[in-house]
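> sequence first, then the predicted structure, then my questions.
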Amino acid sequence: MGLRGLWRIVVQVRTRDRDGTGRPCHGPPCVADRPGSPGPAPTAGAPCASEETPGKLLGLEAVQNASYYLSRYRQVEDYGAQLYVLNGLGDPDYWPADRYRIAGSKHIDDLVAAAKAWHAEEHFDGVLTFSESAVVAVATVAEALGLPGVGVEAARTSRNKLLMRQAHERAGVPHPSFRLVPDVRAALATAEEFGYPVILKPTLGAASNFVFRLDNPDDVRLRFAQAETGIQQMSWFRMEPDGEDVGPHGMLMESFLDGPEFLTESLIWDDELYIGSIVDRVTVEGATFDDDVHHAPTGLGEHDLAAVHRVIAAAAKAQGIHRGVLHAEVRFHNGEPHMLEIAVRPGGGGLDYFARVSAGYCPIKAMLAVATGTRPDVHHYRPTGVHTAGTCLISEPGRVELIEVPASVAESDRVFFLKIIAKAGDEIKRPPYGNNILGFLCTTGTSFDDAMSAAHDLAARIEIRMSTPDVPSAVASAANRGKPVLLSQMPGVAAG
C-alpha cells in the first residue's frame with residue numbers, strides 16, 4: 001500500500017537518525033547547509049553551530065514516550081549541554097548508562113526523591129522536558145531542586161485545558177466559549193446553547209487525540225461516548241505522573257472558531273513576549289484534527305501579527321508564565337485572533353526545524369538558556385525568506401508491516417526534516433480510536449506551492465504496507481474517520 005496523495009501520513013515509528021546533508025539527523029541541520037537549496041540562508045540562530053550552553057541539564061519524563069524524544073535530547077547535547085535523563089518508567093538502555101536513571105515508579109514523590117539524590121551528586125543547572133505529559137512534573141522537580149522553572153501553578157494551568165480557559169476568561173483574553181461536560185446530557189445542552197458546530201476535546205489531551213468537531217446532536221452522542229472511553233486509555237494521560245495534581249480529567253466543549261489557525265514558537269522573558277517563528281496551518285479540516293499541513297513564512301500582515309502578539313502576551317500573563325519557552329496556537333474568529341492554547345515547551349513535529357529555517361529562531365537553544373535561568377539571545381519575528389511546507393505522514397488504521405523510505409527522499413536537498421516514528425509491528429489507530437501517525441516530512445521551495453509540491457512528490461515515493469487492522473476503526477464509516485487530505489484540496493497548492 002502506498003501513500004495516497006499528500007495524506008497526513010501518520011506512522012508512529014522510532015526515530016532512525018541519519019547523518020549527512022539533506023537527511024534527517026539528530027542535530028539541528030538547516031537548509032543553509034545544503035548546496036543548491038532554494039531561497040536565502042537563515043540568519044541568526046538557525047544553523048548548526050552551537051554556542052556555549054551552561055553545563056548539566058536533567059531531562060525528565062514520568063513515563064518514557066518510546067524513543068520519540070531521543071532526537072531532541074541529542075540536539076540538546078549538540079548545542080553543548082551535558083544531558084542527564086531520569087525516567088520514572090523507561091527502557092534500561094535508553095540513554096548512556098552513566099547519565100541515565102530509572103526511578104522505577106511514576107509517582108511524583110518518587111521522581112522528586114530520585115531527582116534530589118542525583119542532584120546532590122551532579123549539581124544540575126536546570127531541568128527540562130519536551131513532553132506535554134511531564135510539564136507539571138518538571139515544574140515540581142525544579143522547585144524541589146531550587147532550579148529555574150515556570151512554577152507548578154503555571155505549569156498546571158498550561159497543561160489542563162479547562163484551567164487554561166478559566167485563566168483566559170478571568171483576564172479577558174479572547175477565547176472560545178467553553179464548559180466542562182461531565183455527561184452526554186450536559187454535552188447536548190451545551191452544544192445547543194453554543195450553537196453548532198462545536199468542538200469536543202479532553203482537558204488533558206495532546207496531539208489532537210479525541211478532538212472532534214460536532215455538527216449536530218447525533219455527532220454529540222456518537223463522539224462523546226467514544227471520547228469518554230478513549231481518554232481513559234489515552235497515552236498522554238497515562239504518561240502523567242501519579243500523585244500530581246494536574247486538574248480535572250474530562251471532556252471540554254468549546255464554541256467553534258471559524259477562521260485560519262497559526263502556530264508560534266515564542267519566548268517570554270520577564271513578561272516580555274517574543275514571537276520567534278509563526279507557521280500557517282493550511283489543513284482542510286473535517287470532523288477530526290491532525291497538526292498535519294503547515295507553511296512558513298506566515299501570510300499574516302503586520303497588523304494581524306501585532307494582534308497575535310498581543311493575544312499571546314496576554315494569555316501567557318493570564319497563565320502565570322513570566323519566563324519560558326512557549327508553543328502558542330492562535331485561531332482567528334470574526335477577523336480577530338483568539339487563544340487556542342499555550343504549552344510551556346517547544347512545539348513538536350518538526351516545528352523547531354521550521355523555526356530555524358524560516359525565521360532564524362531556535363526554540364531548543366532558547367529552552368536550554370531558560371532552563372538554566374539565562375536570558376536567551378532572541379529577537380522578534382524576522383522571516384528568512386525561505387519557503388517551507390510540512391505534513392504529517394498518515395495512513396489508514398492497521399498494523400505496520402513495512403515502511404521504506406528510498407534514498408531519493410532521504411537524501412533530497414528539498415527535505416529539511418524527515419522523521420519516521422513508526423516501525424514494523426506498531427498498531428496504528430486513527431480517529432475515533434486514536435491519532436497515531438507514521439511520521440513527518442518537511443520541505444523547502446521558492447514558494448509555498450513549490451515546497452508543497454515537493455512534499456507531495458516525495459511522500460508518494462515512501463512505501464508503506466499495512467496488515468489487517470486490530471481496531472474497529474477499520475470498519476468504521478467514512479463519517480467516523482478523519483478524511484485524508486489530498487494535495488489538490490489544500491489551499492494555495494497546485495496539484496502536480
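Looks like it arrived, so ask away. Numbers count the residues shown, from 1 in each chain.

> so residue 352 touches residue 362, yeah?
Yes: applying Cβ atoms under 8 Å as the test, residue 352 and residue 362 come out as touching, 6.8 Å apart. C-beta: built from backbone N, CA, C; applies to glycine.

> who has more neighbours out of these two?
residue 362 (31 against 27; other Cβ atoms under 10 Å).

> for the more buried one, grab phi and psi.
In terms of degrees, to the nearest 10, the main-chain angles of residue 362 are phi -120, psi 110.

> now it: how far from residue 441?
Per Cβ to Cβ, to the nearest Å, residue 362 is found 21 Å from residue 441.

> try residue 118
38 Å.

> neighbour count: those two, which is higher?
Taking other Cβ under 10 Å, residue 118 and residue 441 do not tie; residue 441 has more neighbours (30 against 18).

> show me what contacts the more buried one?
Contacts for residue 441 (Cβ atoms under 8 Å, 6 or more residues apart in numbering) come out as 9, 390, 391, 393, 409, 415, 417, 418, 455, 458, 459, 462.

> so the fourth one bridges to which residues?
In this structure, residue 393 bridges to residue 9, residue 439 when assessed by DSSP bridges.

> that one and residue 59, how far apart?
Using Cβ to Cβ, residue 393 is found at 26 Å from residue 59.

> before we move on, what about the second one?
Distance, residue 390 to residue 59, using Cβ to Cβ: 25 Å.

> try the third one
For residue 391, the distance to residue 59 under the criterion Cβ to Cβ works out to 28 Å.

> of the two, who's got more company?
More neighbours surround residue 391 than the other of residue 391 and residue 59, with 33 against 26 (other Cβ under 10 Å).

> which element is that one on?
Following DSSP states H and E, one finds residue 391 within strand 387-393.

> which elements pack onto that strand?
Under the contact definition 3 or more Cβ pairs under 8 Å, 6 or more residues apart in numbering; DSSP states H and E, strand 387-393 sits against strand 293-296, helix 351-359, strand 415-420, strand 439-445, helix 448-459.

> so for the very next helix or strand once past that strand, what gets flagged as buried?
Later in the chain than strand 387-393, the nearest helix or strand by DSSP H and E is strand 398-404. Using 16 or more other Cβ atoms under 10 Å as the test for burial, strand 398-404 gives 398, 399, 400, 403.

> mind listing the residues bridging to the first one?
Translated: residue 398. residue 428.

> so it makes contact with residue 467?
Yes: under the criterion of Cβ under 8 Å, residue 398 is in contact with residue 467, at a separation of 5.8 Å.

> residues in contact with the helix or strand harbouring residue 225?
Element membership for residue 225 (DSSP H and E) is helix 217-233. The contact list for helix 217-233 (Cβ under 8 Å, 6+ apart) reads 181, 184, 187-188, 191-192, 198, 200, 202, 204-205, 209-210, 212, 214, 237, 249-251, 287, 432-434, 480.

> any chance of a ChimeraX selection covering the buried ones in the residues you listed?
Buried subset of these, written as a ChimeraX selection, criterion 16+ other Cβ under 10 Å:
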select :181,184,187,188,191,198,200,202,204,205,209,210,212,214,237,249,250,251,287,432,433,434,480
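
> dump the contacts of residue 441 into JSON lines; add pLDDT and distance to residue 128 as well.
Listed next are those as JSON lines, based on pLDDT from 0 to 100; distance: Cβ to Cβ, whole Å:
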{"residue": "9", "pLDDT": "30", "distance to residue 128": "30"}
{"residue": "390", "pLDDT": "88", "distance to residue 128": "24"}
{"residue": "391", "pLDDT": "84", "distance to residue 128": "28"}
{"residue": "393", "pLDDT": "86", "distance to residue 128": "27"}
{"residue": "409", "pLDDT": "94", "distance to residue 128": "32"}
{"residue": "415", "pLDDT": "94", "distance to residue 128": "28"}
{"residue": "417", "pLDDT": "88", "distance to residue 128": "21"}
{"residue": "418", "pLDDT": "91", "distance to residue 128": "25"}
{"residue": "455", "pLDDT": "89", "distance to residue 128": "31"}
{"residue": "458", "pLDDT": "93", "distance to residue 128": "33"}
{"residue": "459", "pLDDT": "89", "distance to residue 128": "32"}
{"residue": "462", "pLDDT": "91", "distance to residue 128": "32"}
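
> what sits against residue 344?
So residue 344 contacts 135, 150, 154, 155, 158, 159, 321, 324, 325, 326 (Cβ under 8 Å, 6+ apart).

> need the max-distance pair from these.
For the contacts of residue 344, the farthest-apart pair by Cβ to Cβ is 159 and 325; their separation is 14.8 Å.

> which of the helices and strands packed on strand 387-393 sits closest to residue 83?
Going by Cβ to Cβ, the one of those nearest residue 83 is helix 351-359, 16.0 Å.

> flag the helix or strand of this structure with the lowest per-element mean pLDDT.
Of all helical and strand segments in the chain, the minimum by mean pLDDT, DSSP states H and E falls on helix 235-238, at a mean of 83.

> tell me the SS of the most centrally placed residue in the chain?
In the chain, the residue lying closest to the centroid (Cα atoms, centre = their mean) is residue 348, at 3.3 Å. Secondary structure state of residue 348, per DSSP: H, G, I helix; E, B strand; the rest coil, is coil.

> check residue 254 too.
Going by three-state DSSP: residue 254 is strand.

> my guess is it meets residue 180, correct?
No: counting by Cβ under 8 Å, residue 254 does not reach residue 180; the two are 10.7 Å apart.

> tell me which of the two has more neighbours.
Neighbours per residue (other Cβ under 10 Å) separate residue 254 from residue 180, with residue 254 holding more: 20 against 16.

> and the closest residue to residue 119 other than its chain neighbours, how many residues sit next to it?
Among residues not flanking residue 119 along the chain, residue 145 sits closest, at 5.0 Å (Cβ to Cβ, 6 or more residues apart in numbering). Neighbour count for residue 145, taken as other Cβ under 10 Å: 20.

> from residue 279, how far off is residue 145?
Using Cβ to Cβ, residue 145 is found at 34 Å from residue 279.

> please apply the same query to residue 209.
Separation of residue 209 from residue 279 (Cβ to Cβ) stands at 21 Å.

> likewise for residue 458?
Applying Cβ to Cβ to residue 458 and residue 279 gives a distance of 19 Å.

> those two: who's more crowded?
More neighbours surround residue 279 than the other of residue 458 and residue 279, with 27 against 23 (other Cβ under 10 Å).

> my guess is residue 77 contacts residue 83, does it?
Yes: Residue 77 lies in contact with residue 83 (Cβ under 8 Å); the separation is 5.4 Å.

> neighbour count for these two, which is higher?
residue 83 (21 against 17).

> next up, identify which helix or strand that one is on.
strand 82-89.

> direction included, what does that strand pair against?
In the sheet, strand 82-89 lines up with strand 56-63 (parallel), strand 100-102 (parallel) (DSSP bridges).

> show me what counts as buried in the shortest one.
Which is strand 100-102. Across strand 100-102, burial judged by 16+ other Cβ under 10 Å covers 100, 101, 102.

> quick check: the last one touching residue 89?
Meaning residue 102. Yes: with contact defined as Cβ under 8 Å, residue 102 counts as touching residue 89 (7.0 Å).

> in the protein, which ranges drop under the pLDDT threshold?
For the chain, the stretches with pLDDT under 70 are 1-54, 284-291, 469-496.

> please, where are all the helices along it?
Along the chain, the segments classed as helices by DSSP state H run 70-78, 108-122, 135-145, 152-159, 161-171, 184-194, 217-233, 235-238, 302-318, 351-359, 363-371, 407-410, 448-459.

> which one, of the ones you listed, ends up nearest to residue 55?
Closest approach to residue 55 among the helices of the chain (Cβ to Cβ): helix 108-122, 9.4 Å.
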